[in-house]
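Trainee: this one's sequence-less:
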């Protein structure tokens, strides 16, 4: 069928990879066209997935997802509906079937004269064939033509209304390079696409952490749209061969699985950010047509850099993202190594400095030299890329670390204005506002963060600070069901149960947290003490354990120590460790001690102590 054929009123030309109808031509990816040709050769018959994969990708390992995307693209072109198919039918657990007849267009017509009897016999055969088909393929064809007529009539009369896309998620781009070692690259491009789309103020964009959970998922697009509460889904693939790149992307209305748009981009590896920006711009145009007439320019521009710097930067991001998902601090060190390689390859590449600073900030113990390196990397990144969202968040956290509350608020407002879909910025801003005593404003920011990142918790902390422990526990239980190995969630559950005086569950969550952080011996110790001597003895054992870990430079947790001693009403010890937290705040992720000093319920026993009020004044908070 290489010379062309028709399906209903579509003309397919495989040699040109085109599908044409009514003067409009759509170009297909070569592999998508090959899938169509395979189905057309056996029109009306089921074709198994295995046959299609072997025929189209004989020398490349491709998962079912690649085939599904090809079928989805064909359905988009033929305006077919997966729920009520008229062109391509999915046969569960088997494969697919082209439902309409195929008519070759390259055959020469027979112009030889026919006798009346031959004409009559031919007419009789045609009518007989139509009669036989009327219960099957012909019926499908008539239904298809009728639907197309109605669809065309609706478009002409202006009654067809396209669903609006006001919110969007970018699913992880599929790595089609045939090399699992290239996963860092496809993940990095997914991140870049999300970051750029997040700058569109009129569009809600789901965060990376919530989108990445659907990597290799078997869930349908309507299921994903329902779980994330979004209208639009971007999915695609990326293939890297040497210095050449091929990126495909498509925009789909998630609830209906209806395709809006698809395109293929090809270019050089060194131009990858420009290619990714083209994808972003095209998607922005597609959704903004349905949102408002004016175009909104994306504020930050792609930075050109060397292939070596780019490759090292993407590998750094890949290892950084693995930390906290079952991987330890070694991932942070590996990430820092790659970010430094990127900086060495291109000292003017701003994103690499932000990545390096982030890797340092996540270390369990931030030694003075590490803290200095983090600060230097942050300041260099800001100087090189001052208009990026990362720069604004960095400036806000620097101000917070310097206890400049008005300055931190100003920079956070800039950050959320520049990148309104950045869940981290809204979450951090929530912390700052809550500590300044503006709980209602803080709650709104945390709600925005939760909407942008629904797979992770952004509400439990503010609920805990407001004393709403039951709702905080409910939110945390929902998240621990999704992320049972997140030690931070279990620690916050421990704090909530302490405040509810539920000693048994509090110790259980504390033990779980310690086990997840590789301290199973400490967890067993605390359990034995609790069973033998009760809650107070177990808390004292916990405080002594933290002090030992700090002495060995395994962790630096002065605020946690202050919490434990405050619960024990050991105010002198609690205040000592709060003083240490403020004095050595550079050893903890920027601003962390300050954003808990005034609102942590576990410090309630200190509220009337003049020394505590003086500490709050020293850090610029209302006593």
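Mentor: Received the coordinates, thanks. All values derive from a computational prediction rather than experimental measurement.
Trainee: C-alpha only now, for contacts and for neighbours.
Mentor: Fine.
Trainee: how about residue 17, what does it touch?
Mentor: Contacts for residue 17 (C-alpha atoms under 8 Å, 6 or more residues apart in numbering) come out as 27, 28, 29, 30, 33.
Trainee: Model confidence score at it, please.
Mentor: Note on residue 17: pLDDT of 82.
Trainee: where in the stretch 51-200 of the chain is pLDDT low?
Mentor: 59-63, 106-163 (pLDDT under 70).
Trainee: Quick one: the strands in it, in order.
Mentor: Along the stretch 51-200 of the chain, the stretches classed as strands by DSSP state E, counting those that start in this stretch are 88-91, 95-98, 102-104, 167-170, 174-175.
Trainee: list the buried ones in the fourth one?
Mentor: Read that as strand 167-170. 167, 168, 169, 170 (16 or more other C-alpha atoms under 10 Å).
Trainee: Is it possible to get a markdown table of those that adds distance to residue 56?
Mentor: Listed next are the buried residues of strand 167-170 as a markdown table, based on distance: C-alpha to C-alpha, whole Å:
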| residue | distance to residue 56 |
| --- | --- |
| 167 | 35 |
| 168 | 31 |
| 169 | 29 |
| 170 | 27 |
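Trainee: what about whichever strand or helix holds residue 544, average pLDDT?
Mentor: Here residue 544 sits within helix 535-551, counting by DSSP states H and E. In this model, helix 535-551 has a mean pLDDT of 93.
Trainee: now that helix: how far from the chain's centre is it?
Mentor: The chain centroid and the centroid of helix 535-551 are separated by 38 Å under C-alpha atoms, centre = their mean, to the nearest Å.
Trainee: swap in stretch 70-86?
Mentor: Relative to where its chain is centred, stretch 70-86 has its mean C-alpha point 26 Å off (C-alpha atoms, centre = their mean).
Trainee: Now do the buried residues in it.
Mentor: 70-82, 85-86.
Trainee: try stretch 261-278
Mentor: Residues of stretch 261-278 classed as buried: 261-264, 268-277 (neighbour count, 16+ other C-alpha under 10 Å).
Trainee: that older thread, what is the nearest of the buried residues of strand 167-170 to residue 491?
Mentor: residue 169 (30.0 Å; C-alpha to C-alpha).
Trainee: before we move on, the earlier item: out of the strands of the stretch 51-200 of the chain, the one nearest residue 412 is which?
Mentor: Closest of those to residue 412 is strand 167-170, at 23.0 Å (criterion: C-alpha to C-alpha).
Trainee: Which helix or strand lies directly C-terminal to the helix holding residue 544?
Mentor: Helix 535-551 is succeeded, C-terminally, by helix 558-567 (DSSP H and E).
Trainee: List the contacts of that next one.
Mentor: So helix 558-567 is in contact with 539-540, 542-543, 546-547, 571, 573-578, 580-581, 593, 602-606, going by C-alpha under 8 Å, 6+ apart.
Trainee: returning to what we had before: would you turn the contacts of residue 17 into JSON lines with secondary structure, neighbour count and distance to residue 349?
Mentor: Below are the contacts of residue 17 laid out as JSON lines (DSSP: H, G, I helix; E, B strand; the rest coil; neighbours: other C-alpha atoms under 10 Å; distance: C-alpha to C-alpha, whole Å):
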{"residue": "27", "secondary structure": "strand", "neighbour count": "17", "distance to residue 349": "37"}
{"residue": "28", "secondary structure": "coil", "neighbour count": "22", "distance to residue 349": "36"}
{"residue": "29", "secondary structure": "coil", "neighbour count": "14", "distance to residue 349": "34"}
{"residue": "30", "secondary structure": "helix", "neighbour count": "15", "distance to residue 349": "36"}
{"residue": "33", "secondary structure": "helix", "neighbour count": "24", "distance to residue 349": "40"}
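Trainee: For the residues you listed, give me TSV that also has distance to residue 610 and pLDDT.
Mentor: Shown next, in TSV, are the contacts of residue 17 (distance: C-alpha to C-alpha, whole Å; pLDDT from 0 to 100):
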residue	distance to residue 610	pLDDT
27	74	80
28	73	83
29	72	82
30	75	80
33	77	89
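Trainee: Comparing the strands of the stretch 51-200 of the chain, which comes out most buried?
Mentor: Of all the strands of the stretch 51-200 of the chain, strand 167-170 carries the top mean neighbour count, a mean of 25, counting by mean count of other C-alpha atoms under 10 Å.
Trainee: and that strand, what does it pack onto?
Mentor: helix 183-197, strand 204-205, strand 232-241 (3 or more C-alpha pairs under 8 Å, 6 or more residues apart in numbering; DSSP states H and E).
Trainee: Please identify the deepest-packed of these.
Mentor: It is strand 204-205: most buried of the helices and strands packed on strand 167-170 by mean count of other C-alpha under 10 Å, with a mean of 27.
Trainee: Show me how far it is from its chain's centre.
Mentor: Using C-alpha atoms, centre = their mean, the offset of strand 204-205 from its chain centre is 11 Å.
Trainee: Neighbouring strands - and their directions - for that strand?
Mentor: Paired neighbours of strand 204-205 in the sheet (DSSP bridges): strand 167-170 (parallel).
Trainee: For the partner strand, what is the distance to the chain centroid?
Mentor: Put simply, strand 167-170 sits 9 Å off its chain's centre (C-alpha atoms, centre = their mean).
Trainee: what's the answer for stretch 4-16, then?
Mentor: Offset of stretch 4-16 from its chain centre (C-alpha atoms, centre = their mean): 38 Å.
Trainee: Numbering from 277 from now on, please.
Mentor: Sounds good: first residue 277 from here, last item stretch 280-292.
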